[in-house]
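Engineer: pasting the sequence and the predicted model now:
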Amino acid sequence: MTDSAAERKTGVAVAVVGAGYWGKNLVRNFHAVGALDAICDSNRELLNALNRDYAPRKVVTAYSEILGDRSIGAVAIATPAETHADLVREALLAGKDVFVEKPLCLDVRTGRELVDLAKAKQRILMVGHLLWYHPAVLKLKELIRAGELGRIQYVYSNRLNLGKIRREENILWSFAPHDLSVILGLLSEVPDSVRAQGGNYLHQNIADVTISMLSFPSGVKAHIFVSWLHPFKEQKLVIVGDRKMAVFDDMEKKDKLLLYPHSIDWKNQIPVANKADACPVELETSEPLRTECEHFLDCVATRRQPRTDGEEGLRVLSVLQRCQDALEKEASRETKPEPAAAPAPKRAFFAHESACVDEGTDIGEGTSIWHFSHVLKGSKIGKNCKIGQNVVVGPKATVGNGVKIQNNVSVYEGVTLEDFVFCGPSMVFTNVFNPRSEIPRMDELRPTLVKRGATIGANATILCGITIGRYALIGAGSVVTKDVPDHALVRGNPARVTGWMCSCGVKLALKGSKGVCRTCGKKFSKGTKGTKGLQAH
């Protein structure tokens, strides 16, 4: 283990993964507390600049180099939300403690799997719900617990800006996790009823403005208004109690938290409002992000559960999904029905209305094809496959049964995926070795074969004309330039064999030429002379 500054100061060496729009703030804060050990980002120019400013021990573009470095005990992930699930899972499997920016991931089932995996691996999993490290929110929780506001009746939360507009997620998933996290935590309950409505203005399928209305078993009502199409920035939370009202305005430079001791009198059965002057609440002065980073380091060192642990992130994710479902239901209700047409033939597979499936394709029963994906003519997809968002298959590509293709992947002509292959987000297949825009070379395609059960990590690149063996695992960000043996674990650029994997997805510890999976008990041995890869017995 290296004698890095991070280890000398905190005892914890942290790698920040994703150092762009928000990640650079994590880099700054982990450096300030002496815990920054490495930075991983695909932007080499950005890495060079951060290396000059902070001089961590390691700066890399390949996530696999972080995962394989035993001196790095924890990772802080600030990449696009659609990549969170795979990056968190791989870090936990590599034995790292994990801090991940909100949201935990993009679906509840996957979130549950990540939380359970963290428990099984006895790893810290913390979600970046920043407001729970803000002195004003912590003070609000204290006031509510002490009964200072009386019985809570209503909560208003506005998070508005003419700000960074995303394409991988809508405004609800981008802004609202902060507000949901605070409201659920302040009220200590989850809503029994959720409604939502919104508007899509910059892109017909992505909400730019939403209002979510929540009703809680205690009778409390809440609404969350989020927008990135607003003339000014506003981050305001209002708590209405029957004794006092509280206003947290994070845009104020001072007096961020005010209490209003307004009261209501009843005269002749008519409510009469008595207004009172606002009373500022004294708060500690600390940067919430610094506090959040220090809390993560403390949890890693002491093995205590974080304030915003995986379970808390999962609760927020669950309500967020209910808001999204309500938003889509409301949008479909408001859409005027099209003139009646002849009923389309019933399909054995599901394709989202924004997906395009060409004539002349063969798609198996139980397969689902999601938003903005395109299956081209002549392609064959087996049964029970899951095709994510913005995926292109074909033309004339072959996909087996039970295959999962995550978002932003293109499976070109010449590529064959056997049964139960997993393709991580934004990984890349090629099919021409030396392409030129001005020289047609479609008659020079080099076929690529990915055999049964193989896994290809996020952002990996697979050069054409090679074969990936059964149950092999390609590390995230790796560049594969030659054939991969059965059960091999390959990582890096160019990718090299760094270990061996069981078919159940657990790394094997071989003794000589043999090994037994510690999870499923399956036995393996290296092949005979001239045979690459492992053989299961």
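Structural biologist: Perfect, thanks for sending it.
Engineer: so which residues of the stretch 101-250 of the chain form helices?
Structural biologist: 108-121, 135-145, 171-187 (DSSP state H, counting those that start in this stretch).
Engineer: the chain now?
Structural biologist: Remark: helices assigned in the chain by DSSP state H are 5-10, 23-32, 44-54, 63-67, 84-93, 108-121, 135-145, 171-187, 288-302, 310-334.
Engineer: ranking the ones you listed by burial, who's on top?
Structural biologist: Most buried of the helices of the chain by mean neighbour count (mean count of other CB atoms under 10 Å) is helix 63-67; its value is a mean of 26. Quick note: C-beta positions are derived from backbone N, CA and C, even for glycine.
Engineer: which strands and helices sit next to that helix?
Structural biologist: Here helix 63-67 touches strand 14-17, strand 36-40, helix 84-93, strand 488-491, going by 3 or more CB pairs under 8 Å, 6 or more residues apart in numbering; DSSP states H and E.
Engineer: note down every partner strand of the first one and its orientation.
Structural biologist: Strand 14-17 pairs in its sheet with strand 36-40 (parallel), strand 74-77 (parallel), by DSSP bridges.
Engineer: kindly reformat those as JSON lines containing mean pLDDT, mean neighbour count and distance to residue 218.
Structural biologist: Formatted as JSON lines, the strands paired with strand 14-17 follow (pLDDT from 0 to 100; neighbours: other CB atoms under 10 Å; distance: least, CB to CB, whole Å):
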{"stretch": "strand 36-40", "mean pLDDT": "97", "mean neighbour count": "27", "distance to residue 218": "43"}
{"stretch": "strand 74-77", "mean pLDDT": "98", "mean neighbour count": "26", "distance to residue 218": "35"}
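Engineer: CSV for those, including distance to residue 265?
Structural biologist: Converted to CSV, those look like this (distance: least, CB to CB, whole Å):
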stretch, distance to residue 265
strand 36-40, 57
strand 74-77, 52
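Engineer: quick check: which of the ones you listed is nearest to residue 186?
Structural biologist: strand 74-77 (26.0 Å; CB to CB).
Engineer: export that closest one to CSV, keeping only CA atoms.
Structural biologist: The C-alpha atoms that make up strand 74-77 are tabulated as CSV, following Å, rounded to 0.1, in the frame of the first residue of the first chain:
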residue,chain,number,x,y,z
ALA,A,74,-13.5,3.8,-1.3
VAL,A,75,-15.0,5.4,-4.5
ALA,A,76,-17.1,8.5,-4.9
ILE,A,77,-19.2,8.3,-8.1
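Engineer: contact partners of it?
Structural biologist: 12-18, 23, 26, 30, 66, 84, 87-88, 91, 96-101, 124, 293, 296-297, 300 (CB atoms under 8 Å, 6 or more residues apart in numbering).
Engineer: export the helices and strands packed on helix 63-67 to JSON lines and tack on distance to residue 380?
Structural biologist: Output for those, formatted as JSON lines (distance: least, CB to CB, whole Å):
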{"stretch": "strand 14-17", "distance to residue 380": "36"}
{"stretch": "strand 36-40", "distance to residue 380": "37"}
{"stretch": "helix 84-93", "distance to residue 380": "26"}
{"stretch": "strand 488-491", "distance to residue 380": "27"}
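Engineer: so who does residue 82 touch?
Structural biologist: Neighbours of residue 82 in contact, by CB under 8 Å, 6+ apart: 106, 168-169, 389, 407-408, 425.
Engineer: residue 217 too?
Structural biologist: Residue 217 neighbours (CB under 8 Å, 6+ apart): 189, 192.
Engineer: most surrounded residue in the contacts of residue 82?
Structural biologist: Among these, residue 425 has the most neighbours (other CB atoms under 10 Å), with 25 neighbours.
Engineer: how close does residue 30 sit to residue 39?
Structural biologist: Distance, residue 30 to residue 39, by CB to CB, to the nearest Å: 9 Å.
Engineer: common neighbours of these two, please.
Structural biologist: residue 16.
Engineer: pLDDT wise, what is residue 206 at?
Structural biologist: Residue 206 is assigned a pLDDT of 84 by the prediction.
Engineer: leaving out chain neighbours, which residue sits closest to it?
Structural biologist: The shortest distance from residue 206 to any non-neighbouring residue, by CB to CB, 6 or more residues apart in numbering, is to residue 170 (4.9 Å).
Engineer: gap between the one you found and residue 199?
Structural biologist: Distance from residue 170 to residue 199, by CB to CB: 11 Å.
Engineer: ditto for residue 248
Structural biologist: 26 Å.
Engineer: do residue 497 as well
Structural biologist: Counting by CB to CB, the gap from residue 497 to residue 199 is 52 Å.
Engineer: returning to that earlier point: of all the helices of the stretch 101-250 of the chain, which one is nearest residue 484?
Structural biologist: helix 108-121 (24.9 Å).
Engineer: now find how far off-centre the closest one is within its chain.
Structural biologist: Computed by CA atoms, centre = their mean, to the nearest Å, the chain-centroid distance of helix 108-121 equals 13 Å.
Engineer: what's it in contact with?
Structural biologist: 85, 88-89, 92-93, 95, 98, 104-105, 124-125, 310-311, 313-314, 317-318, 321.
Engineer: mind running it again at 6 Å?
Structural biologist: With CB atoms under 6 Å, 6 or more residues apart in numbering as the test, helix 108-121 has contacts from 85, 88, 92, 104-105, 125, 310, 314, 317-318, 321.
Engineer: that helix to helix 84-93, inter-axis angle?
Structural biologist: 10 degrees (axes from the mean of the first three to the mean of the last three CA atoms, to 10 degrees).
Engineer: what average pLDDT does helix 108-121 get?
Structural biologist: 95.
Engineer: how far off helix 310-334 does it point, in degrees?
Structural biologist: Using the same axes, to 10 degrees, helix 108-121 lies at 170 degrees relative to helix 310-334.
Engineer: how about helix 108-121 as PDB, C-alpha atoms only?
Structural biologist: Output in PDB follows, covering the C-alpha atoms of helix 108-121 (Å, rounded to 0.1, in the frame of the first residue of the first chain):
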ATOM      1  CA  VAL A 108     -36.300   0.300  -7.600                       C
ATOM      2  CA  ARG A 109     -35.500  -3.300  -8.300                       C
ATOM      3  CA  THR A 110     -31.900  -2.500  -9.200                       C
ATOM      4  CA  GLY A 111     -31.700  -0.200  -6.100                       C
ATOM      5  CA  ARG A 112     -32.800  -3.100  -3.900                       C
ATOM      6  CA  GLU A 113     -30.200  -5.400  -5.400                       C
ATOM      7  CA  LEU A 114     -27.400  -2.800  -4.800                       C
ATOM      8  CA  VAL A 115     -28.500  -2.300  -1.100                       C
ATOM      9  CA  ASP A 116     -28.600  -6.000  -0.600                       C
ATOM     10  CA  LEU A 117     -25.200  -6.400  -2.200                       C
ATOM     11  CA  ALA A 118     -23.600  -3.800   0.000                       C
ATOM     12  CA  LYS A 119     -25.000  -5.600   3.100                       C
ATOM     13  CA  ALA A 120     -23.700  -9.000   1.800                       C
ATOM     14  CA  LYS A 121     -20.300  -7.500   1.100                       C
END
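Engineer: between residue 248 and residue 199, who's got more neighbours?
Structural biologist: Per other CB under 10 Å, whichever of residue 248 and residue 199 has more neighbours is residue 248, with 23 against 14.
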